[in-house]
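Chemist: Just a sequence and a predicted model for now, questions to come.
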Amino acid sequence: MRASKAIQAAGLLVALVLASPLQADCRDPAQPRVDWTSCARGHLMLEQEDFTEGVFSRAVGWKANFTRANLQRANLLGADFSRAFGLTPSQLSLACGTADTKLPAGTPIPDTWPCPPETD
């Protein structure tokens, strides 16, 4: 019985690790579900990169080209993307941000922000 519970606990631990975003070193390459909380990045070409469910909370200084980048369910809460370019309203509408998210001059805050909480 104990072995069964240990296996269940190990399986749960693996599931939790796989379900949570990957904590990134601020120099890591783009990929889905990476957590760049508080990272500062500049002068990057991130065209067509996949940032699905990435976390950019409080990220600053992202002077980067996001042309055709996938921002689906990316967390932009409190991020400073004011120096980013290539961002479109349709990309941003797939991401999650708030009025505290800094966007490039003239870029409207999407009507879809903030994102509704996820349900199971």
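Modeler: In hand now; what should we look at? Numbers count the residues shown, from 1 in each chain.
Chemist: quick one: the strands in this protein?
Modeler: Secondary structure of the chain (DSSP state E): strands at 22-23, 34-35, 40-45, 60-65.
Chemist: averaged over its residues, what pLDDT does the second one have?
Modeler: Mean pLDDT, strand 34-35: 80.
Chemist: got it, and stretch 74-90?
Modeler: The average pLDDT for stretch 74-90 rounds to 92.
Chemist: so where's the chain uncertain?
Modeler: Along the chain, segments meeting pLDDT under 70 span 1-26, 40-45, 47, 119-120.
Chemist: Surely Asn70 touches Gly54?
Modeler: No. Proximity of Asn70 to Gly54 does not meet the contact threshold set by CB atoms under 8 Å, at 9.3 Å. Every C-beta, even on glycine, is put in place using the N, C-alpha and C of the backbone.
Chemist: Comparing those two, which shows the higher neighbour count?
Modeler: For Asn70 versus Gly54, neighbours defined as other CB atoms under 10 Å are more numerous around Gly54 (27 against 19).
Chemist: quick one: Thr88 and Ala59, what's the gap?
Modeler: Thr88 is 19 Å from Ala59, where distance means CB to CB, to the nearest Å.
Chemist: Neighbour count: those two, which is higher?
Modeler: Neighbours were counted for Thr88 and for Ala59 using other CB under 10 Å; Ala59 has more, 24 against 13.
Chemist: pretty sure that one contacts Cys39?
Modeler: Yes. Using CB under 8 Å, Ala59 makes contact with Cys39 at a distance of 5.2 Å.
Chemist: Just list the residues touching the residue nearest to the spatial centre of the chain, thanks.
Modeler: For the chain, the residue nearest the mean C-alpha position is Gly54 (2.4 Å; CA atoms, centre = their mean). Counting by CB atoms under 8 Å, 6 or more residues apart in numbering, Gly54 touches Pro21, Ala30, Pro32, Arg33, Val34, Asp35, Trp36, Leu71, Ala74, Asn75.
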